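>>> I need the structure of the sequence given here:
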Amino acid sequence: MIFKNFRIRVILRIFLLAFLMFAFLFAIRQDKWYVTSSVLIILVIVFLIELLYFVETTSRELGKFLLSIKYKDFTNRWSNPKNTKASFYELRQAFNEIITEFQNVRIEKELQYQYLQMVFEHTGTAILCYEPEGKIQLINTAAKQLLELKKTKNLSDLESIDSGLYNSILTIKPNSEELIKIRINKNLLQLSLQCSVFKLQGKIYKMVSLHDIKNALDEQELDSWKKLIRVLNHEIMNSVTPISSLSTALNKMLINKEGEKIDFCELNPDDESDIFESLKTIENRSKGLLKFVTTYKQLTRLPNPKFTKVKIKGLLKHVSTLMKPELEKQSITLNIGNINDSLTINIDHEMIEQVLINLLLNSIDALKNATSKIINIELFTENKSTTIEVSDNGKGIEKDVLENIFVPFFTTKKSGSGIGLSLSRQIMRLHNGSISVVSKVGEGTTFVLKFGADTD
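Numbering: from 1, shown residues only. Now for the predicted structure:
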């Protein structure tokens, strides 16, 4: 519509200019039409200038409009042509509407920025964002309070607080987590660092969040100690109580009422038999206590893993071969999912083999009274992380037992030591991984081994 009106006005002006030029040519050929010729040539020049001005109006208006956008100056307004009798009413009206839309978008963006800025500042998690060269773009109040910062513009400013913190923030990998300990003004902080990387307008930014987990760890550690002490107390008391009772009984047998030692020749056969049995029981219980202490040493003195590239399919087949006699004895079907032959993982072969054996032994025990006995081993890979799931359709685990299943020496088995799963958890931690369990009574149990980004 705008250009249609523009085209009509230009054509009318051209026709008018052509008519004036024709009249001028006609007048100049006549005798003594000097005044008429002069007036006509002046009109031709005036209308030619007006035509050029009219045509260039579009360029001027468009240029002004584009400059407003370029410099983000959305305060300009085009006057109402109806009141000023100017041309291009529709064009100017469109410019005004577009400028108004730009204003609304700008206001909306500003409101969103203010909202996000408020959320960023009021979140309880310490967050800082910096460029690859170290310039800090954003740092919230929580981060300043946590690190006791007043003003900081560059990541290198953190080096004066703690060099370990500076290096960890600088080298932490995207989508990973790192735990560090730092000391700020005699205050010990245990921080969990998480990192993400994003690209904005062609520039890479790194965002790091810092969580002070000291209180949470202290509570968890205290709870773990309580559970461990409860189990240790139970195991030790089981051994010490009969030893103490039998020692007291033996002492009474070998000392008379006057407190003097009884000659062994004076003992009757029944007393000799009781003394022999008591000493045998004390010996057995002492050996059991010694074995308990030895097992505890094994749990607390794990060697460092020797990492090598291991084919997962080969590892699982090897474990299934080792467990085959026990599985056949219990009539258990072991299913291993479809796994790529070339898939490898960076682990200590013997340690992870022991973890898998421990999990299979637990599944075998859970399937003792089951009618259909099945164990499934599945492998999942996602975002360069590897997950191995060992599932059974056994009796499942009660909720109160499930909460203590990884506590050292906690066991519901008569012949169990209670260190298999706690040992497995320690091994997984040494591999920067985790072990977890999901169970439902009457349906079965699934143990989940999750490894970090170490697969190829």
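>>> Please, where are all the strands along the stretch 51-200 of the chain?
Secondary structure of the stretch 51-200 of the chain (DSSP state E, counting those that start in this stretch): strands at 126-130, 136-139, 177-184, 187-200.
>>> Just name the most buried of those strands.
Here the criterion is mean neighbour count by mean count of other C-beta atoms under 10 Å, and of the strands of the stretch 51-200 of the chain the winner is strand 126-130, at a mean of 20. In this view, the C-beta of every residue, glycine as well, is placed from N, C-alpha and C.
>>> in its sheet, what does that one sit against?
Partner strands and pairing direction for strand 126-130 (DSSP bridges) are strand 136-139 (antiparallel), strand 203-212 (antiparallel).
>>> how about the ones you listed in TSV, adding distance to Lys368 and mean pLDDT?
Shown next, in TSV, are those (distance: least, C-beta to C-beta, whole Å; pLDDT from 0 to 100):
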stretch	distance to Lys368	mean pLDDT
strand 136-139	58	84
strand 203-212	43	86
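>>> okay, the ones you listed in JSON lines with distance to Gly394 next?
Written out in JSON lines, the entries for these read as follows (distance: least, C-beta to C-beta, whole Å):
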{"stretch": "strand 136-139", "distance to Gly394": "52"}
{"stretch": "strand 203-212", "distance to Gly394": "38"}
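>>> Out of those strands, flag the one nearest Ile14.
Between Ile14 and the strands paired with strand 126-130, the tightest spacing by C-beta to C-beta is seen for strand 203-212, at 52.7 Å.
>>> could you give the angle of that closest one to strand 187-200?
With axes from the mean of the first three to the mean of the last three C-alpha atoms, to 10 degrees as the criterion, the two stretches strand 203-212 and strand 187-200 enclose an angle of 160 degrees.
>>> Between strand 177-184 and strand 203-212, find me the angle.
Angle of strand 203-212 versus strand 177-184, following the same axes, to 10 degrees, is 70 degrees.
>>> Show me which residues of strand 203-212 are buried.
Within strand 203-212, the residues that qualify as buried by neighbour count (16 or more other C-beta atoms under 10 Å) are 205-212.
>>> repeat for stretch 338-351
Buried residues in stretch 338-351, counted by 16+ other C-beta under 10 Å: 339, 344-349, 351.
>>> who's in contact with Asn185?
For Asn185, the contacting residues are Glu148, by C-beta atoms under 8 Å, 6 or more residues apart in numbering.
>>> So that it lines up with my notes, have the first residue be 551 from now on.
In the new count, where the first residue is 551, that last one comes out as Asn735.
>>> before we move on, the earlier item: quick one: which of the buried residues of stretch 888-901 is nearest Asn908?
Comparing every one of the buried residues of stretch 888-901 with Asn908 (C-beta to C-beta), the shortest separation belongs to Met901, at 10.9 Å.
>>> Quick check: closest non-adjacent residue to the closest one.
In this structure, Met901 finds its nearest non-sequential neighbour in Ile977, 4.8 Å apart by C-beta to C-beta, 6 or more residues apart in numbering.
>>> secondary structure class for the one you found?
Of the three states, Ile977 takes helix according to DSSP: H, G, I helix; E, B strand; the rest coil.
>>> wait, isn't Leu567 in contact with Ile595?
No. Between Leu567 and Ile595 no contact is recorded; they are 10.1 Å apart, counting by C-beta atoms under 8 Å.
>>> pLDDT weak spots in the stretch 801-950 of the chain?
806-810, 812-822, 835, 838-839, 841-852 (pLDDT under 70).
>>> Could you rerun that using 80?
801-853, 932-934, 950 (pLDDT under 80).
>>> which residues of it fall in strands?
Counting by DSSP E, counting those that start in this stretch, the segments of the stretch 801-950 of the chain that form strands are 858-861, 883-886, 894-897, 924-932, 935-942.
>>> These: which one's closest to Arg559?
Judging these by C-beta to C-beta, what sits closest to Arg559 is strand 924-932, at 66.0 Å.
>>> So which bits of the closest one are buried?
Neighbour count says strand 924-932 has 924-929 buried, by 16+ other C-beta under 10 Å.
>>> would a markdown table of the residues you listed with distance to Gln687 be doable?
Converted to a markdown table, the buried residues of strand 924-932 look like this (distance: C-beta to C-beta, whole Å):
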| residue | distance to Gln687 |
| --- | --- |
| Ile924 | 55 |
| Ile925 | 52 |
| Asn926 | 49 |
| Ile927 | 47 |
| Glu928 | 43 |
| Leu929 | 41 |
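>>> Among the residues you listed, which one lies nearest to Lys874?
Within the set of the buried residues of strand 924-932, Ile925 lies nearest Lys874; the separation is 12.1 Å, counting by C-beta to C-beta.
>>> who's in contact with that closest one?
The neighbours of Ile925, taking C-beta under 8 Å, 6+ apart as the test, are 877, 882-885, 910, 913-914, 917, 940-942.
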